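1. Build me a structure from this.
(one chain, ligands or ions: 1)
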Amino acid sequence: MRLVADKMLAKLARWIRLGGYSIEDAATNNDDSLIKYVRARHAVLLTQDEALANRARRQRFRVLLVKGNGIEEQLAFVAKNLGLKLSTKPSGICPYCNARLIRVDKSKVKLPGKIARRYRVFYKCPKCGRVYWHGSHWKEIESRLKEAKRMEKSL
Ligand SMILES: [Zn+2]
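-> This next block holds a predicted model:
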């Protein structure tokens, strides 16, 4: 199942990637081009725009009108409605550009000394060049993903 998020949902898309699923950002703000793009890919469109969702439905392709306040609630809604099993383990997908991360040798990346000394496994995004490691910041990501999973059960 291919997923595309409209521009308003760029932040949610990052969280979907953190939860283990690949989702494309819409390359356009224009509804017509967006609809064309999503149809050509047989993707599911995620949007909060009711008018766009109705148009998409009339044209008979799958669209999910995302409900919920805040990231956790929205994630829970998407997971429930699309049957995603959100993972709290690092996903291997760049949250910013949806590219597969590549494991890199520590000597190949520039990092603050403290981080380089403390962690051993690093990943790099081939597209944007960001470097990732499973550091203390993951605790917060993990707890928000867990919260989303907990909320999903009560939907
Ligand atoms: Zn990237």
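2. C-alpha from now on. contacts and neighbour counts both.
-> OK.
3. hey, where'd the helices end up in the chain?
-> Using DSSP state H, the helices found in the chain span residues 10-18, 31-40, 50-58, 70-82, 113-118, 137-153.
4. so the longest one versus helix 70-82, what angle?
-> With axes from the mean of the first three to the mean of the last three C-alpha atoms, to 10 degrees applied, the angle from helix 137-153 to helix 70-82 works out at 50 degrees.
5. hang on, the earlier thing: looking at the helices of the chain, spot the one closest to the ion.
-> Of all the helices of the chain, it is helix 10-18 that lies closest to the ion, at 10.6 Å by C-alpha to the ion.
6. Pull the residues that contact the closest one.
-> With contact meaning C-alpha atoms under 8 Å, 6 or more residues apart in numbering, helix 10-18 is reached by 5, 22-25, 71, 74-75, 86, 88, 90-91, 93-96, 98, 141.
7. filter those down to the ones close to the ion.
-> Restricting those to those near the ion by C-alpha under 5 Å from the ion leaves C94.
8. Among the contacts of helix 10-18, which are located in strands?
-> Taking DSSP state E, the ones among the contacts of helix 10-18 that sit in strands are 5, 24-25.
9. Adding pLDDT and neighbour count, write these out as a markdown table.
-> Formatted as a markdown table, the ones in strands among the contacts of helix 10-18 follow (pLDDT from 0 to 100; neighbours: other C-alpha atoms under 10 Å):
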| residue | pLDDT | neighbour count |
| --- | --- | --- |
| A5 | 97 | 26 |
| E24 | 97 | 22 |
| D25 | 95 | 20 |
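10. Adding distance to A53, write those out as a markdown table.
-> Below are the ones in strands among the contacts of helix 10-18 laid out as a markdown table (distance: C-alpha to C-alpha, whole Å):
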| residue | distance to A53 |
| --- | --- |
| A5 | 12 |
| E24 | 17 |
| D25 | 16 |
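11. quick revisit: lowest-confidence stretch among the helices of the chain?
-> For the helices of the chain, the weakest mean pLDDT is recorded on helix 113-118, namely a mean of 89.
12. Summarise which helices and strands that one is packed against.
-> If you count contacts as 3 or more C-alpha pairs under 8 Å, 6 or more residues apart in numbering; DSSP states H and E, helix 113-118 packs onto no helix or strand.
13. Endpoints of stretch 83-94, how far apart?
-> Its first and final residues considered, stretch 83-94 spans 22 Å by C-alpha to C-alpha, to the nearest Å.
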